[in-house]
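Peer 1: For reference, the sequence and a predicted model appear below.
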Amino acid sequence: MNLILLGAPGAGKGTQAEVICSALKIPAISTGNILREAVKNETKCGLEAKSYMESGQLVPDEVVIGILKDRIAQDDCKNGFILDGFPRTVPQAEALDKMGVNIDKVVEIFVPDETIKKRLSGRRVCEKCGNSYHVDFKPTKVDSVCDACGGKTVIRKDDEPQTVSDRLKVYHEKTAPLKDYYEKQGKLVTVVGQEEVSETSKLTLAAIEA
Ligand code: AP5
């Protein structure tokens, strides 16, 4: 099964992608995580992406499309995958169609902008392994220490309030039109993100299985 998770920054795509990944045993592919790794390793693509990401803008389509194409050609994707954060523009969705990838379902996780702003101000990520936490909803066992690797948890650079506002603006302008794109293909289902992660997970899995 090939799935897309759509939603504003901070709607909970990454969180739900992990849940679906363990439930359906298919890999979750986050273009954001791949790009952050590239930035950390200072690869050519990472150096190109860095300034766009830090200012809350989208990385150019051709860069992201190339990354995605390489990733889904890997062996672990042969029984399906979950795309978290791709496509993010209509040209990216068209590129996916041109690659001959059949998408079974697109799940939009809807969360109002004001809730997102509150959520992202509390997110913390491990600077070593990238694991994601939240000061209220998913705290680390020891303050500022990653449960998984013991690394230090910090605020993601693009989670500063002004950058979050810019990311939301970009989402509404460039990514939200994808709802129409997939609605027309009869593939879009919308799940309203709940206060409890587990409640959103129940709705998301039910939407996939329906
Ligand atoms: P990316 O990493 O994809 O960022 P994003 O879409 O902005 O998404 P986030 O990771 O911020 O949020 P999420 O929806 O995954 O939410 P999460 O589960 O973490 O992309 C980063 C950048 O890379 C982009 O800005 C762009 O520059 C570039 N990029 C990536 N892909 C690209 C593409 N295709 N084209 C061009 N550029 C691209 O949850 C957020 C927080 O809320 C967490 O702390 C979590 O614990 C908490 N939380 C989650 N669910 C709940 C809940 N139900 N209740 C309470 N808290 C919750």
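Peer 2: Now that the structure is in, tell me what you want to look at.
Peer 1: In what element of secondary structure is the residue of the chain found nearest the ligand found?
Peer 2: In the chain, the residue found nearest to the ligand is G32; the distance is 1.9 Å by CB to the nearest ligand atom. For the C-beta atoms, the positions are set from N, CA and C on the backbone; glycine is no exception. If you go by DSSP states H and E, G32 is part of helix 31-40.
Peer 1: on that earlier part again, can you give me the pLDDT of the residue of the chain closest to the ligand?
Peer 2: Predicted confidence (pLDDT) for G32: 95.
Peer 1: Could you verify my assumption that it touches L68?
Peer 2: No: because the distance of 11.8 Å does not satisfy CB atoms under 8 Å, G32 is recorded as not touching L68.
Peer 1: okay, now the spatially closest residue to V111 that is not a sequence neighbour: neighbour count?
Peer 2: Leaving aside its chain neighbours, V111 sits nearest to G193 (4.0 Å; criterion: CB to CB, 6 or more residues apart in numbering). Using other CB atoms under 10 Å, the number of residues around G193 comes to 26.
Peer 1: Hmm, G193 is touching F110, no?
Peer 2: Yes: the pair G193 and F110 qualifies as a contact (CB under 8 Å) at a distance of 6.2 Å.
Peer 1: Contacts only, for D84.
Peer 2: Residues near D84 by CB atoms under 8 Å, 6 or more residues apart in numbering: 5, 13-14, 17, 28-32.
Peer 1: is it in a bridge, and if so with what?
Peer 2: Partner residues in beta bridges with D84: L5, S30, with DSSP bridges as the criterion.
Peer 1: pLDDT score assigned to V145?
Peer 2: Note on V145: pLDDT of 97.
Peer 1: what residues are up against it?
Peer 2: If a contact means CB under 8 Å, 6+ apart, then V145 has 151-153 as its contacts.
Peer 1: so what's I72 up against?
Peer 2: With contacts taken as CB under 8 Å, 6+ apart, I72 has the following neighbours: 29, 81, 99, 101.
Peer 1: And the furthest pair within these?
Peer 2: Taking CB to CB, the two most distant members of those are I29 and M99; they sit 13.6 Å apart.
Peer 1: So between those two, which is more surrounded?
Peer 2: Set side by side, I29 and M99 give different neighbour counts by other CB under 10 Å, the larger being at I29 (22 against 12).
Peer 1: Quick check: the more buried one touching P87?
Peer 2: No: because the distance of 11.8 Å does not satisfy CB under 8 Å, I29 is recorded as not touching P87.
Peer 1: can you pull out the helices in the chain?
Peer 2: Under the criterion DSSP state H, the chain carries helices at the ranges 13-24, 31-40, 44-54, 61-72, 90-98, 113-121, 161-170, 177-184, 197-209.
Peer 1: Is K117 in contact with T163, as I believe?
Peer 2: No: counting by CB under 8 Å, K117 does not reach T163; the two are 11.1 Å apart.
Peer 1: Compare those two and say which one has the larger neighbour count.
Peer 2: In this comparison of K117 against T163, neighbours counted by other CB under 10 Å, the higher total goes to T163 at 19 against 15.
Peer 1: Contact partners for that one?
Peer 2: 54-56, 157.
Peer 1: what's the neighbour count on I20?
Peer 2: Neighbour count for I20, taken as other CB under 10 Å: 21.
Peer 1: pLDDT score for it?
Peer 2: 96.
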